[in-house]
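Trainee: dropping a prediction and its sequence here:
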Amino acid sequence: MIPNDRRYLETHEWAKLDGSIVAVGITDFAVKHLTDLVYIDLPSVGDPVAKGERFGEVESVKAVSDLNAPVSGEIVEVNDALAGDLEIVARDPYGDGWMIKVKVQSAAEFQALLDAAAYETVAAEEA
């Protein structure tokens, strides 16, 4: 089930707004298609990100995939636990498997992202 409390990119990242902070991760659809995750490269706290631009990458036994920022802003937190246990993303992609938190510059950028129903259509077309 795709959570309704967040927005999505067509590239399978999710964004959850809490005040001016957006938590970012990858969807369960992305995790299932990547299968066994083996490596993640995330930015540092203080780094800027731009909507639609690459902020890192995740590697699986099948492929290396770019991670794209759903909003522009500054990284305020990175989920360091993932470096030692990428299975967190597979176990809980919408919770403990978050990757970065961004202080968002524009709430309008967040609102322009896909809602759960629109993302579900994108995922169904790819499946």
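Mentor: Received the coordinates, thanks. The structure presented is a predicted model; accordingly, all values stated were derived computationally and were not measured.

Trainee: quick check: the closest residue to Ile100 other than its chain neighbours vs Ser44, distance?
Mentor: With sequence-adjacent residues excluded and distances taken as CB to CB, 6 or more residues apart in numbering, Ile100 is closest to Val24, at 5.0 Å. For every residue, glycine as well, the C-beta is placed using N, CA and C. Look at Val24 and Ser44: by CB to CB, to the nearest Å, they are 15 Å apart.

Trainee: pretty sure Ile100 sits against Asp80.
Mentor: No: at 10.7 Å, Ile100 and Asp80 do not qualify as touching, with contact defined as CB atoms under 8 Å.

Trainee: just want to know which of these two has more residues nearby.
Mentor: Ile100 (24 against 9; other CB atoms under 10 Å).

Trainee: next, the contact list for the more buried one, please.
Mentor: By CB atoms under 8 Å, 6 or more residues apart in numbering, the contact set of Ile100 is 23-24, 42-43, 49, 55-56, 75, 77-79.

Trainee: nearest to Leu113, of these?
Mentor: Val24 (10.8 Å; CB to CB).

Trainee: separation between that closest one and Lys62?
Mentor: On the measure of CB to CB, Val24 and Lys62 end up 22 Å apart.

Trainee: the two: who's more crowded?
Mentor: The neighbour comparison of Val24 against Lys62 (other CB under 10 Å) goes to Val24, with 25 against 12.

Trainee: now the strands for this structure?
Mentor: 7-8, 13-18, 21-26, 37-41, 48-49, 54-60, 64-68, 73-78, 100-104 (DSSP state E).

Trainee: what's the first-to-last distance across stretch 49-61?
Mentor: By CA to CA, to the nearest Å, the extent of stretch 49-61 from end to end equals 27 Å.

Trainee: what of stretch 89-102?
Mentor: 18 Å.

Trainee: and for stretch 38-45?
Mentor: End-to-end distance (CA to CA), stretch 38-45: 22 Å.
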